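S.K.: What follows is a predicted structure for the sequence shown.
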Amino acid sequence: MRSQLQALLEQGDLQGAKAILVPVQPPDIAEAIEGLPEHMQAIAFRLLSKNEATEVYEHVNSSVQQSLLEVFRRQEVLDIIDNMSPDDRARLFDELPAKVVRRLRAQLSPSEWQATAILMGYEAGTAGRIMTPEYISLKEHFTVSQTLERIRNLASVTEMIYYLYVTDAARRLTGIVSLRHLVTAQPEETIGEIMTREVVYISTDTDQEEVAHLIQRYDFLAVPVVDSEKRLVGIITVDDVIDIIEQETTEDIYALGGVQSEGDNYFHTNLITVARRRVVWLFVLLITNTVTGTIINAQQDILQQVVVLAAFIPLLTGTGGNVGAQSSTVVIRGLNTDEIRLLGPVQVVWREALAGALLGSILGVMATVWAYFLQGRLGVAISVGFSLIAISVLASVSGSALPFLFRSLKLDPALMSAPFITTAVDVLGVLIYFSIARLILGF
């Protein structure tokens, strides 16, 4: 569709371009507009109706959102921003420059700005920051027929009608009613008679990743958010949770590669920022390699007599690094998904140590045979084999233990583990190798 849209815009056929957008869903329109040349994005966006424009705008990435704001007229900006849901508007304001936010704030109605300001007052990454205050609340004395009429009146201004929340006079959450239970109940029944009083809820300061896990665990479409006095202040819907899971997973994958992420699109970030985020751990690894080189240089006496030992250093450190990366990956993923919650750190590390010993034994036998085949020296081959076993155990233990250590220190296990595992394998692995070689070769 993007290529068709671009061709029609290049021909000046605005009616044709508008026609092909009619049956398309807002997320697909957003993706098509993102792929257009920058000077065509605003033209395509103006072909949309007012309501559809707001939905599409919420789906385009932040860089396109900002460029569109710069070319829109004042009224167009006001129509879009004022009609956005408070949580999407707060997310937009987080990504825009402060001067742009100040200009937009002046254009919002007081009620819309107040709703957005409340969300922005919560700490980033918490439930309060990503919730929406647009929900339907009920009282226990409402009848089913009264509630259905209330839903009809409020459905257009609320984000979720499948769950209805019951509050008391002080707005404290007391129960929940699903739309299914509501429509199957008798019209004269009261909400207090059909509601569920055991409600799963979260606090405004709950971490967004914990929110995602909770909704995923219970298969909720939404979860209520309460303040410190258990007053209902908002809800978080499953569509927001999907975005959170994608964001958190992306950050973890970047972190495993030693790349810091701040939640933005990596490929839309300028190269200076990219270099700044990546250079830190590359510098750490540079220092590590310098230390490894120093250790190798200190082993000149044995290397001068058995030069062939140097040929197997990359094999040992490379294999150890891969084993450590495997262990850290499964442990970090287990921490994120709570799969290893019942095992405990000691049991996990012990299991990975045994796995490392098993892998090292298999690889050690193969490496011994291969080293003897290449060099014809049994002592060197045996040194390589035993070193590979020891390094594999070391890598497995460090790869599984370091994520637990960094999590206990309130550091990101994914970001911190990779360079430290590399350090342990490179530095200690070389020491282990030369120590075993000296012992077996009699130096």
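M.R.: Happy to help now that I have it. Numbers count the residues shown, from 1 in each chain.
S.K.: quick one: low-confidence parts of the stretch 151-300 of the chain?
M.R.: For the stretch 151-300 of the chain, the stretches flagged by pLDDT under 70 are 256-269.
S.K.: Where do the helices of it begin and end?
M.R.: 179-184, 191-194, 208-218, 238-256, 271-297, 300-305 (DSSP state H, counting those that start in this stretch).
S.K.: which helices and strands does the longest one pack with?
M.R.: Here helix 271-297 is seen to pack against helix 413-423, helix 429-441 when contacts are counted using 3 or more CB pairs under 8 Å, 6 or more residues apart in numbering; DSSP states H and E. C-beta: built from backbone N, CA, C; applies to glycine.
S.K.: which residues touch the first one?
M.R.: Helix 413-423 is contacted from outside by 251-252, 255-258, 260, 281, 284-285, 288, 321, 324-325, 328, 331-332, 335, 395, 398-399, 402-404, 406-407, using CB atoms under 8 Å, 6 or more residues apart in numbering.
S.K.: quick one: which of the helices of the stretch 151-300 of the chain is nearest residue 91?
M.R.: Proximity to residue 91 (CB to CB) singles out helix 238-256 among those, at 9.0 Å.
S.K.: That closest one: which residues count as buried?
M.R.: When neighbours are counted by 16 or more other CB atoms under 10 Å, the buried residues of helix 238-256 are found to be 238, 240-241, 244-245, 247-248, 251-252, 254-256.
S.K.: before we move on, the earlier item: same list as before, the helices of the stretch 151-300 of the chain that is, but in CSV and with distance to residue 25 included.
M.R.: Converted to CSV, those look like this (distance: least, CB to CB, whole Å):
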stretch, distance to residue 25
helix 179-184, 23
helix 191-194, 35
helix 208-218, 23
helix 238-256, 13
helix 271-297, 32
helix 300-305, 65
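S.K.: I'd like to know which of those lies nearest to residue 315.
M.R.: Residue 315 lies closest, by CB to CB, to one member of those: helix 271-297, at 14.3 Å.
S.K.: tilt between the closest one and helix 413-423?
M.R.: With axes from the mean of the first three to the mean of the last three CA atoms, to 10 degrees defining the directions, helix 271-297 sits at 30 degrees from helix 413-423.
S.K.: and the host helix or strand of residue 150, how far out from the chain's middle?
M.R.: Assigned by DSSP states H and E, residue 150 belongs to helix 144-154. Relative to its chain's centre, helix 144-154 lies at 38 Å (CA atoms, centre = their mean, to the nearest Å).
S.K.: Also stretch 169-185?
M.R.: The answer for stretch 169-185 is 32 Å, by CA atoms, centre = their mean.
S.K.: okay, how far is it across that stretch, tip to tip?
M.R.: For stretch 169-185, the first-to-last residue distance is 24 Å (CA to CA, to the nearest Å).
S.K.: Would you mark the buried spots in that stretch?
M.R.: 173-177, 179, 182, 185.
S.K.: which among those residues gets closest to residue 49?
M.R.: For those, the nearest to residue 49 is residue 179 (28.0 Å; CB to CB).
S.K.: thought that closest one was touching residue 164?
M.R.: Yes. Under the criterion of CB atoms under 8 Å, residue 179 makes contact with residue 164 at 7.0 Å.
S.K.: what about residue 12, how many neighbours?
M.R.: Using other CB atoms under 10 Å, residue 12 has 10 neighbouring residues.
S.K.: just how off-centre is stretch 89-102 within its chain?
M.R.: A distance of 21 Å separates the centroid of the chain from that of stretch 89-102, by CA atoms, centre = their mean.
S.K.: Endpoints of it, how far apart?
M.R.: End-to-end for stretch 89-102, by CA to CA: 13 Å.
S.K.: So what touches that stretch?
M.R.: With contact meaning CB under 8 Å, 6+ apart, stretch 89-102 is reached by 62, 65-66, 69, 81, 84, 104, 112, 116, 119-120, 124, 129-130, 264.
S.K.: And stretch 305-315, by the same measure?
M.R.: If you take CB under 8 Å, 6+ apart as the criterion, stretch 305-315 is touched by 296, 302-303, 367, 371, 375, 377, 380, 383-384, 388, 430, 433-434, 437, 441, 443.
S.K.: let's see it at 7 Å
M.R.: Stretch 305-315 is contacted by residues 302-303, 367, 371, 375, 377, 380, 384, 430, 433, 437, 441 when judged by CB atoms under 7 Å, 6 or more residues apart in numbering.
S.K.: Ok, stretch 15-27 next?
M.R.: Residues from elsewhere that reach stretch 15-27, judged by CB under 7 Å, 6+ apart: 1, 4-5, 8-9, 29, 44, 47-48, 52, 55-56, 59.
S.K.: how about it: buried residues?
M.R.: Neighbour-count burial for stretch 15-27 [16+ other CB under 10 Å]: 17-18, 20-21, 24, 26.
S.K.: dump the residue contacts of residue 349.
M.R.: Applying CB under 7 Å, 6+ apart, the residues contacting residue 349 are 397, 400-401.
S.K.: Does residue 130 touch residue 206 like I think?
M.R.: No. In this structure, residue 130 is not within contact of residue 206 by CB atoms under 7 Å, at 10.2 Å.
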